[in-house]
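# Sequence and predicted structure are below.
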Amino acid sequence: MLELATADGRVPADDARKDSPLAVRGLTVSYGEKPAVFSVDMTVPKGSMTAIIGPNGAGKSTMLKAVLGIVKPLSGQVEVFGCPLADQRARIAYVPQRASVDWDFPTRVIDVVLMGLYREVGLLGRLRGAHVDRARSCLDRVGMAAFADRQIGQLSGGQQQRVFLARALAQDADLYLLDEPFAGVDAATEKAIIAVLKSLKSEGKTVVAVHHDLATVRDYFDHVFLINVRRIAEGPVDEAFTAETLQEAYGGRLASTQVDQLSAVLA
Ligand code: ADP
Ligand code: MG
């Protein structure tokens, strides 16, 4: 088999890839002429909490969408637990970027969480009391049990985000993909979400999140993947999240607040 070295010259061992909940090879995605993601390799370690980091427009959301088959790549392979995506769909839960969800019609919170069970129940299958109990316990896990019968559209952004996490939990997946789960949420929600993600990790699940707050990377994650259309760096936080890799990923595009965060983090 032809071995392709990754950008930093490391070649992940075959075993590491087969074991990986999410391995991406040579992924290129384009919406127009210019690729949004170009020839990207990524190997997410099993049981890790991996942050996908990069500037606005770097292709972070596009990567997740390509992994999930929501956008069609020009080229590349995605393997989930060593198998093609189609065979492993039920093992992946996805929490999209919050702004992308629009609630035009009334939907109760508990029904949003029950949507997480549709793959298991089947569209025409019957939801039973046990399913509703499970949905309620997932709401409880994110501190939203008291809101089960409220309309989702009436909740704050942070509360909605917790409900979407509860929906992902209801799926009982092995791999959790989240797109900026902390963007625009209140501090209590951020704490609740990170506690849940850490408990998933302690259960042996794998969490991959697009993350924009450089100041919390070290606290929240053990593995990072830096991207700016191309893959910039990948590895344990201590090795791959450095002044050099961040400079390379962000170039001159770090906002002054981010520079302040960084000097604090990297000091
Ligand atoms: P990120 O999540 O890192 O901010 P995205 O993956 O959303 O970046 O976008 C990467 C690039 O692709 C950006 O230049 C963005 O404008 C473009 N893009 C994203 N979605 C679409 C789309 N549906 N149609 C056309 N261009 C898009
Ligand atoms: Mg995005």
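The structure has been received and is ready for your questions. What you see is a predicted model, and the numbers here were worked out from it, not measured in a lab. Numbering: from 1, shown residues only. Ligands and ions are numbered 1, 2, ... in the order given.
# make it CA atoms for all contacts and neighbour counts henceforth
Will do.
# after the helix or strand where Ala36 lies comes which helix or strand?
If you go by DSSP states H and E, Ala36 is part of strand 35-44. Once the chain leaves strand 35-44, the next helix or strand it forms, by DSSP H and E, is strand 49-53.
# follow-up on the earlier one: partners of the strand holding Ala36, with directions?
Sheet pairing for strand 35-44, assigned by DSSP bridges, gives strand 22-30 (antiparallel).
# Kindly export the partner strand (C-alpha atoms) in PDB.
Provided in PDB are the C-alpha atoms of strand 22-30 (Å, rounded to 0.1, in the frame of the first residue of the first chain):
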ATOM      1  CA  LEU A  22     -12.500   9.200  12.200                       C
ATOM      2  CA  ALA A  23      -9.800   9.000   9.600                       C
ATOM      3  CA  VAL A  24      -9.800  11.400   6.700                       C
ATOM      4  CA  ARG A  25      -7.500  11.000   3.700                       C
ATOM      5  CA  GLY A  26      -6.800  13.500   0.900                       C
ATOM      6  CA  LEU A  27     -10.100  15.300   1.500                       C
ATOM      7  CA  THR A  28     -10.800  18.200  -0.900                       C
ATOM      8  CA  VAL A  29     -14.100  20.100  -0.900                       C
ATOM      9  CA  SER A  30     -15.000  23.000  -3.200                       C
END
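# Which residues outside that strand are in contact with it?
Residues outside strand 22-30 that contact it (CA atoms under 8 Å, 6 or more residues apart in numbering): 17, 35-45, 62, 66-67, 71-82.
# sorry, back to before: does the strand holding Ala36 reach ligand 1?
Yes: Strand 35-44 reaches ligand 1 (CA under 6 Å from any ligand atom) through Ala36.
# what angle separates that strand from strand 49-53?
Per axes from the mean of the first three to the mean of the last three CA atoms, to 10 degrees, the angle that strand 35-44 makes with strand 49-53 is 160 degrees.
# Let the chain start at 48 from now.
Taking 48 as the first residue, the last one we looked at is strand 82-91.
# what's the distance between strand 82-91 and the middle of its chain?
In terms of CA atoms, centre = their mean, to the nearest Å, the centre of strand 82-91 is set 15 Å apart from its chain centre.
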